[in-house]
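1. 3D, please:
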Amino acid sequence: MKYTVAQIAELLNAEIVGDASLEISTICKIEEGAPGGLTFLSNPKYTHYIYTTKATAAIVNKDFVPEHEVSCTLIKVENSYLAFAQLLNFYQEQQAATAKTGISPLACIAESAQIGQNVFIAEFVSVGEHAVIGDGARLYPHVCVGDQARVGARTVLNSGVKIYTQCVVGDDCILHAGAVIGADGFGFANQDGQYLKIPQIGNVVVGNHVEIGANTCIDRATMGSTKIGDYVKIDNLVQIAHNVEVGEGTAFAAQCGVAGSTKIGKHCIFAGQVGVAGHIHIDDNVVVGAQSGVTRSLKQGVYLGSPAIPAERERELIVYRRRLPEMYQQIRDLKDKQ
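-> Next up is the predicted model:
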């Protein structure tokens, strides 16, 4: 698909500095720009590339003032990073509008399953008894949707996704390859040194506009539901345990783990490799830094460390810890002088 700079600027409500009639045929990184390409500048560390890029046009912030000559046309917006994200979403929507539909004869679909309109179901997909697949959903090879499970409208299940029995995935979701929704929660009772399995008879309910990364696992509840709210974003290799509840708009970076029955509020952010203990409550708008360990309930704020404490306190302790060898030597020197 080709668009002129003018068309892109109109879409973004942007100002043009340069030739508005130029055609854009691809999207590229600023350091790898090529003729016909559209790029963007957001991070100041990449500013020097704007003077050498071969891209035809670049999206920049309105307050950007070139210090040298720029050969590409500039498309000026309030927030270049956000504008570029909007443009990529538009591009993806255009691709989706022309995406293939239909059901492969090599798919295995139960007669009692309800299949919506304009769906795409690829080879070797399995859809169980009384499962529901919403309009416009796309199921790629080796997806398995269990009995009585539901997949919402326009939701994309990439290759190898598994939706266990009775689990629910909402509308406009994206699940990446290998994600597993509804495996048994880790529930066992110790009986004379042996572990007796506690049946996990609940399910998982995933809201609308949720994205779940590759090989992420969300366990079914022991009873009731494990709940993932609308607009939640979960990176690759994340583990969400049974009966966890995650509020709207919360985000998890890769390799986070949340233990059972923890309740997480809205619009929280968990950086990479955060571990969260079970049976605690985390308020709305909590931010937890990378590799932190959350062992207790948290109120709104920013936290670092293991166990996680308010960020300003942890930063002080980092400074003190770095000085410990020096302080230890000073103490030894004082003892030697006695």
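2. Stretch 71-91: how far from the chain's middle?
-> Computed by C-alpha atoms, centre = their mean, to the nearest Å, the chain-centroid distance of stretch 71-91 equals 21 Å.
3. Which residues in that stretch does the neighbour count mark as buried?
-> Neighbour-count burial for stretch 71-91, counted by 16 or more other C-beta atoms under 10 Å, picks out 72-77, 80, 83-84, 87. Bear in mind the C-beta positions are built from the backbone N, C-alpha and C, glycine included.
4. before we move on, what about stretch 182-201?
-> The neighbour-count check on stretch 182-201 (16+ other C-beta under 10 Å) flags 182-187, 200 as buried.
5. what's the answer for stretch 40-54, then?
-> Those would be 40-42, 49-50, 53, for stretch 40-54 by 16+ other C-beta under 10 Å.
6. what's the farthest-apart pair in the residues you listed?
-> Distances among the buried residues of stretch 40-54 were taken as C-beta to C-beta; the most separated pair is 42 and 53, at 13.9 Å.
7. Could you list the low-pLDDT ranges of the stretch 51-200 of the chain?
-> Flagging of the stretch 51-200 of the chain using pLDDT under 70 yields the residue ranges 96-98.
8. And the helices in it, which stretches?
-> 80-97 (DSSP state H, counting those that start in this stretch).
9. quick one on the thing from earlier: just give me the closest of the buried residues of stretch 40-54 to residue 312.
-> The closest of the buried residues of stretch 40-54 to residue 312 turns out to be residue 42 (C-beta to C-beta; 27.9 Å).
10. pLDDT wise, what is the closest one at?
-> Per-residue pLDDT puts residue 42 at 93.
11. Quick check: chain neighbours aside, which residue is closest to it?
-> Leaving aside its sequence neighbours, residue 42 sits nearest to residue 81 (C-beta to C-beta, 6 or more residues apart in numbering; 4.0 Å).
12. Please report how far that neighbour lies from residue 44.
-> From residue 81 over to residue 44 the distance is 12 Å, taken as C-beta to C-beta, to the nearest Å.
13. what's the answer for residue 176, then?
-> Taking C-beta to C-beta as the measure, residue 176 falls 31 Å from residue 44.
14. How about residue 36?
-> For residue 36 relative to residue 44 (C-beta to C-beta), the value is 26 Å.
15. again with residue 72
-> Distance, residue 72 to residue 44, using C-beta to C-beta: 18 Å.
16. Check residue 214 too.
-> Taken as C-beta to C-beta, the span from residue 214 to residue 44 is 31 Å.
17. ok, now residue 113?
-> Distance from residue 113 to residue 44, counting by C-beta to C-beta: 53 Å.
18. Next: residue 167.
-> With the distance defined as C-beta to C-beta, residue 167 ends up 44 Å from residue 44.
19. on that earlier part again, from the buried residues of stretch 182-201, which is closest to residue 328?
-> Set against residue 328, the nearest of the buried residues of stretch 182-201 by C-beta to C-beta is residue 186 (41.6 Å).
20. Tell me how many other residues crowd the closest residue in space to that closest one that isn't next to it in sequence.
-> Distances taken as C-beta to C-beta, 6+ apart put residue 241 closest to residue 186, at 6.5 Å, once the chain neighbours are dropped. Per other C-beta atoms under 10 Å, the neighbour tally for residue 241 reads 21.
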